[in-house]
Structures are given as structure tokens and as C-alpha cells.
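In: any chance you could fold what I've pasted below:
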Amino acid sequence: MNKNYLKLQFYSYPRNQAFARDAVAAFCLELNPSLSDLSDVKTAVSEAVTNCTVHAYRDCCGMVEVECEIEDNKLHIKVSDKGAGIADIQKAIQPFYTSLPSDERSGMGFTIMQTFMDEFSVESVRGEGTIVYMSKSFNTEVENA
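Out: Just a heads-up that it's a prediction; the model follows:
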């Protein structure tokens with residue numbers, strides 16, 4: 001059984017989005033991802049961390065936690081915060097919904113995460129924070145040239 005684990009904690013500064021995205025991408029390299037799969041993972045992680053920066057800690061700075069686990073050919077990702085939380089998850093995950101229309105947000109973050117990953121779910125409690133779970137399976141067989 002192939003198993004590995006990574007845990008990152010960092011402040012919700014926008015500059016840390018690239019760090020989280022790149023760290024998760026480097027972590028999953030042992031799964032021999034295609035460039036397309038790697039791009040999907042990086043984009044999904046970036047969107048999840050951006051949500052923490054923009055929505056969870058809108059007027060302050062807080063901690064963001066990213067946990068990754070590899071089990072066989074599957075990457076599990078958990079992105080969590082202890083911020084504002086989401087009042088209505090079903091509404092929030094709808095394409096083009098944004099709670100910040102004045103900021104010219106597209107409202108596509110959750111939709112992108114759902115589209116690029118094989119599994120996706122959100123848990124949130126208003127005033128306590130949000131957890132995003134994502135998973136992606138990889139074909140780990142190395143192709144012969």
C-alpha cells in the first residue's frame with residue numbers, strides 16, 4: 001500500500017496561495033500525474049485557499065490548514081479555516097453565486113473544485129469555519145515509450 005501524509009499551516013495572506021498550490025503539487029508527484037491532472041489539483045487547491053483568504057477572513061488574518069494524504073493511487077485534500085463560515089452551502093456551491101458581487105468575483109470557485117476533482121464536499125458552521133474535502137485518483141502505471 002502506498003501511503004503518505006502532508007500538513008501545512010499558514011496565514012491567510014494572498015501570497016501564500018501559490019505556496020499551498022505548489023506544495024500540494026510537489027507532494028502528489030509520487031503518483032506520476034499527467035500535466036493535466038497536476039494542473040487540476042493546483043487549480044482546485046488555489047481556489048480553496050483563495051476562498052479562505054477572501055471569504056473566511058475577509059477583514060482579518062487567520063490560519064489556513066491544508067492536509068493531504070495519499071492512499072494507493074488516490075490523493076485526498078482537506079482545506080480548512082476557522083473563519084466566518086458559510087450560511088448556506090447549497091447556495092454557495094451554485095455556479096456564478098458570489099457573496100461579494102461588489103468585488104467582481106465570478107462565483108466559480110466551488111464549481112471549479114467540483115469539476116477538476118473526482119470527489120468534493122464542503123462542511124461549514126457559521127462563525128466557526130469551513131472545511132473543503134477533495135479527492136482525485138491517478139493512473140500510477142508508467143507508460144512505456
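
In: helices or strands up against the longest helix along the chain?
Out: The helix that spans the most residues within the chain, counting by DSSP state H, is helix 35-51. Other helices and strands packing on helix 35-51, by 3 or more C-beta pairs under 8 Å, 6 or more residues apart in numbering; DSSP states H and E, are helix 16-27, strand 63-71, strand 74-81, helix 109-116, strand 129-137. For glycine as for every other residue, the C-beta is placed from the backbone atoms N, C-alpha and C.

In: buried residues, that helix. List them.
Out: 37-38, 40-51 (16 or more other C-beta atoms under 10 Å).

In: ok, so of those, who is nearest residue 18?
Out: For those, the residue nearest residue 18 by C-beta to C-beta is residue 46; the value is 7.8 Å.

In: which helices and strands sit right next to the worst-scoring helix or strand of the chain on mean pLDDT?
Out: When the helices and strands of the chain are scored by mean pLDDT, DSSP states H and E, helix 89-92 comes last with a mean of 80. The helices and strands touching helix 89-92, judged by 3+ C-beta pairs under 8 Å, 6+ apart, are strand 119-125.

In: with just CA atoms, put the strand it packs on into PDB.
Out: The C-alpha coordinates for strand 119-125 follow below in PDB (Å, rounded to 0.1, in the frame of the first residue of the first chain):
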ATOM      1  CA  GLU A 119     -14.800  13.900  -5.200                       C
ATOM      2  CA  PHE A 120     -15.800  17.100  -3.500                       C
ATOM      3  CA  SER A 121     -17.700  18.200  -0.300                       C
ATOM      4  CA  VAL A 122     -18.000  21.100   2.000                       C
ATOM      5  CA  GLU A 123     -18.800  21.400   5.700                       C
ATOM      6  CA  SER A 124     -19.300  24.700   7.400                       C
ATOM      7  CA  VAL A 125     -20.600  26.200  10.600                       C
END
